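Trainee: Test case, fold it:
(2 chains, ligands or ions: 2)
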Amino acid sequence: MNYRLDHLKELESESIFILREVAAQFQNPVLLFSGGKDSIIVSYLAKKAFYPAKMPFTMLHIDTGHNFSETIAYRDFWVKELGCRLIVGSVQEAIDQGKVVEEKGYNASRNFLQTAVLLESLENGKYDAAIGGARRDEEKARAKERFFSHRDEFGQWDPKNQRPELWNLFNARKHLGEHFRVFPISNWTELDVWQYLALEKVPLPNLYFAHKRKVFLRDGILLADSEFIPKKPDEQVVEMTVRCRTIGDVTCTGVWESNATSIEAIIAEVAASRKTERGGRTDDKRSDTAMEDRKKDGYF
Amino acid sequence: MNSELLRFSTAGSVDDGKSTLIGRLLFDSKSIFEDQFEAVKSASERRGEEGVNLALLTDGLKAEREQGITIDVAYRYFSTPKRKFIIADTPGHIQYTRNMVTGASTSNVALILVDARQGILEQTRRHAIISSLLQIPHLVICINKMDLVGYDQVVFDSIREEFEGFASKLDVHDVTFIPISALNGDNVVERSTKMGWYEGTTLLYYLENVHIGSDHNHIDTRFPVQYVIRPYSDAFHDYRGYAGRVAGGILKKGDRVMVLPSGFTSTIDKIDTADGELNEAFAPMSVTVLLKDDIDISRGDMIVRENNQPKVAQDIELRICWFNEKPLQLKGKYEIRHTTQAARCIVQEIQYKMDVNTLHRNLEDKTVRMNDIARISIRTTKPLLVDSYFKNRITGSVILVDEGTNETVAAGMVI
Ligand SMILES: Nc1nc2c(ncn2[C@@H]2O[C@H](COP(=O)(O)OP(=O)(O)OP(=O)(O)O)[C@@H](O)[C@H]2O)c(=O)[nH]1
Ligand SMILES: [Mg+2]
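Mentor: Residues are numbered from 1 along each chain as shown, chains lettered A, B, ... in the order given. Ligands and ions are numbered 1, 2, ... in the order given. This next block holds a predicted model:
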């Protein structure tokens, strides 16, 4: 007998270990749900980790109000499927109440407003851990993350002074008002995620598969035509066959030309791709350290 | 799609070329995406560098780019048809030794870089000692910047000899030496045409082929209980499962087992997962174990075999690496974390500090400061179920936490 695990099983086992550790070490953990494949896989793994009991986490969605309609439909379906409770933090409400101010202009996005709403939602719910689907291979600041990532009382990340994290021993001690972000799929790559979703036959939002959509080109990125993005006079809307590689807010999620209508075709496409998945994220492009800056402030 | 995972980390003194090597490895193995490369290229141009600085592929933080050094571990991923790799690129700067230990603690292979012009430095020795304390099964000494010493075999041989002399006093078993130029890519992915005298393999070939099958302990059965699963549903009314990750040995359905620290024995009724029951489980699988008898078991307990038990100990000897600016306090109290257990401990004795240059035991100056390696004795408030770290990296490792600041202040290995 050869006692070896293949890489997907080893990654699954690691993630399940982390999720159980969260349940054991925190009083009131919450699972952040964005509607994208990474938060789908984390919640799917959470279901597996506590089988046959229900997962001991509530789900939290920070809703910018600028979603693809498919995302909300999928979210409601998935919450039912998992049998867990959903809490929604609304960016629209925060705008209406004057807590945050909407950006103006063609490239306006509510992406940045999410941080304030997220931190307020965590505080209101007295959540001491927020589980996220960030992966280290996504982005250079995320490549520096711990599994258990400490946040001070302002929700801030201090990348220059992270706690050492040794072996599988996770130190979740904190002072009152502080919290942790926990990233169970830190070590998964985009390809791992797709291979696993295929293997496990996890239902996915249609946005990931090639479909016809009205789109326009801005700064080299294809964006979905939507009432939430004002178009410049010279921007032409055309219909194309596209799919999303990541799913975020409509205003900052680029779509890609693709004919991949099955998960196998997506895997082949991802394996052959010469661009990173976040290459289509305009939120990362605002500056060289856009992700690091947002993360320091408490972003996902 | 069914491949094995190898985790490796870099080590060595500041500026020896660790990040450049990882960048080169990723670039030459075609694991860099166009937009990543473009971003690094334009960042290099903005910085007024001559070529494309491949170290920027891992040095992603603003502060790292400003200072031109690595501060915290960067994790990178790539795969070849043979294997999948998880890379931890760690900092060489002494101030960030704790981050080097973080990256190294879970790796199968450590790449220790040496600048061919400088030879073995104090920080090279410190990292080699830490790698040996961490029992990283395989060490590769990459003698780098060979381009700056005319690709000279004499330089390579003399550094190799010096390291071998030093390593003979360490507990390391599998050491390989490779002459490279991370900057130009010699012997990283492609064989160098400038070092005909070198008969070994390239670094990538080594990483693809080194035998890691026996890096887990499959002999001594250890199952630390992490979480108790009670569904409280009609369908699973009496279900009481002990969830955890196998830390050693093999668990089989029907096995007689003992639960520590209580000492009660029972039989494995089921090994459960969300995908169905298993007949056996081994490290590093996450499973749920059900026993035939109703025993009171909670997080921190351990399921083992009666004829092969860990030590049940309150007095424990440790080798530690100290991470905090505030020195270790003799008679000080810390939280200790071990597998899924936490307790408090008091530092009873500091036996000695290790001099990283000579490997001598310093019995006079026993103030253990940041980055020091020492041997200490502790007493815990409750018994821990420990193995020697040599026998099992999971059940033999602990961390110490300062109860005031909540910082992780030390990594400890059970002797
Ligand atoms: N000539 C030459 N220069 C090299 C080589 N490898 C690295 N360098 C240079 O050495 C300097 C330091 O390289 P890094 O890769 O940042 O070193 P490091 O070991 O990652 O440093 P820390 O992470 O801060 O400890 C850079 O200027 C590199 O370009 C090499 O093979 N030849
Ligand atoms: Mg570096």
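Trainee: Can you name the residue of the stretch 1-150 of chain B nearest to chain A?
Mentor: Residue nearest to chain A within the stretch 1-150 of chain B: B:Gly60 (2.7 Å; C-beta to the nearest C-beta). Where you see a C-beta, it was placed from the backbone N, CA and C, and this is true even at glycine.
Trainee: Check what pLDDT the residue of the stretch 251-400 of chain B found nearest ligand 1 gets.
Mentor: Nearest to ligand 1 in the stretch 251-400 of chain B, going by C-beta to the nearest ligand atom, is B:Asn371, at a distance of 14.2 Å. If you check B:Asn371, the pLDDT there is 92.
Trainee: Give me the three-state assignment for it.
Mentor: coil (DSSP: H, G, I helix; E, B strand; the rest coil).
Trainee: And A:Glu235, by the same measure?
Mentor: Applying three-state DSSP: A:Glu235 is coil.
Trainee: Without its sequence neighbours, what residue ends up closest to the residue of the stretch 251-400 of chain B closest to ligand 1?
Mentor: Distance criterion C-beta to C-beta, 6 or more residues apart in numbering or on different chains; nearest residue to B:Asn371, sequence neighbours excluded, is B:Thr97 at 4.5 Å.
Trainee: That neighbour and B:Ala104 touch, don't they?
Mentor: No: with contact defined as C-beta atoms under 8 Å, B:Thr97 does not reach B:Ala104; the gap is 10.2 Å.
Trainee: tell me, what's touching these two both at once?
Mentor: Common contacts of B:Thr97 and B:Ala104, defined by C-beta atoms under 8 Å, 6 or more residues apart in numbering or on different chains, comprise B:Ile130.
Trainee: Next, B:Leu21: phi, psi?
Mentor: phi -60, psi -50 (degrees, to the nearest 10).
Trainee: In contact with it, which residues?
Mentor: B:Thr10, B:Leu111, B:Leu113, B:Cys142, B:Asn144, B:Ile180, B:Ala182, B:Val188, B:Leu203.
Trainee: Next one: it relative to B:Gln36, how far apart?
Mentor: Going from B:Leu21 to B:Gln36 by C-beta to C-beta, to the nearest Å gives 17 Å.
Trainee: Please apply the same query to B:Val228.
Mentor: For B:Val228, the distance to B:Gln36 - C-beta to C-beta - is 44 Å.
Trainee: neighbour-wise, which of those two wins?
Mentor: Comparing B:Val228 with B:Gln36 by other C-beta atoms under 10 Å in any protein chain shown, the one with more neighbours is B:Gln36, at 21 against 17.
Trainee: Export the helix or strand where that one lies to CSV, keeping only CA atoms.
Mentor: In the assignment (DSSP states H and E), B:Gln36 maps to helix B:34-46. The C-alpha coordinates for helix B:34-46 follow below in CSV (Å, rounded to 0.1, in the frame of the first residue of the first chain):
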residue,chain,number,x,y,z
GLU,B,34,2.1,37.9,-19.2
ASP,B,35,0.5,40.5,-17.0
GLN,B,36,2.7,39.6,-14.1
PHE,B,37,5.7,39.8,-16.2
GLU,B,38,4.6,43.2,-17.6
ALA,B,39,4.0,44.5,-14.1
VAL,B,40,7.4,43.5,-12.9
LYS,B,41,9.1,44.8,-16.1
SER,B,42,7.5,48.2,-15.7
ALA,B,43,8.3,48.3,-12.0
SER,B,44,11.9,47.5,-12.8
GLU,B,45,12.0,50.3,-15.4
ARG,B,46,10.5,52.8,-13.0
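Trainee: How far does it sit from its chain's centre?
Mentor: Distance, stretch centre to chain centre, for helix B:34-46: 31 Å (C-alpha atoms, centre = their mean, to the nearest Å).
Trainee: Likewise for stretch B:309-327?
Mentor: 17 Å.
Trainee: and if you look at stretch B:284-297?
Mentor: What separates the centre of stretch B:284-297 from the centre of its chain is 28 Å, taken as C-alpha atoms, centre = their mean.
Trainee: where along chain A do the helices fall?
Mentor: A:7-25, A:37-49, A:69-82, A:91-96, A:113-124, A:190-200, A:263-272, A:290-297 (DSSP state H).
Trainee: so can I have JSON lines of the ones you listed showing distance to B:Arg379?
Mentor: Supplementary listing: these in JSON lines, determined by distance: least, C-beta to C-beta, whole Å:
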{"stretch": "helix A:7-25", "distance to B:Arg379": "24"}
{"stretch": "helix A:37-49", "distance to B:Arg379": "35"}
{"stretch": "helix A:69-82", "distance to B:Arg379": "45"}
{"stretch": "helix A:91-96", "distance to B:Arg379": "52"}
{"stretch": "helix A:113-124", "distance to B:Arg379": "39"}
{"stretch": "helix A:190-200", "distance to B:Arg379": "44"}
{"stretch": "helix A:263-272", "distance to B:Arg379": "53"}
{"stretch": "helix A:290-297", "distance to B:Arg379": "41"}
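Trainee: Which residues does whichever helix or strand comes after the helix holding B:Gln36 contact?
Mentor: Of the helices and strands lying after helix B:34-46 in sequence (DSSP H and E), the nearest is helix B:62-67. Here helix B:62-67 makes contact (C-beta under 8 Å, 6+ apart) with A:Pro159, A:Lys160, A:Thr289, A:Glu292, B:Ala43, B:Arg47, B:Leu56, B:Asp59, B:Thr70, B:Ile71, B:Asp72.
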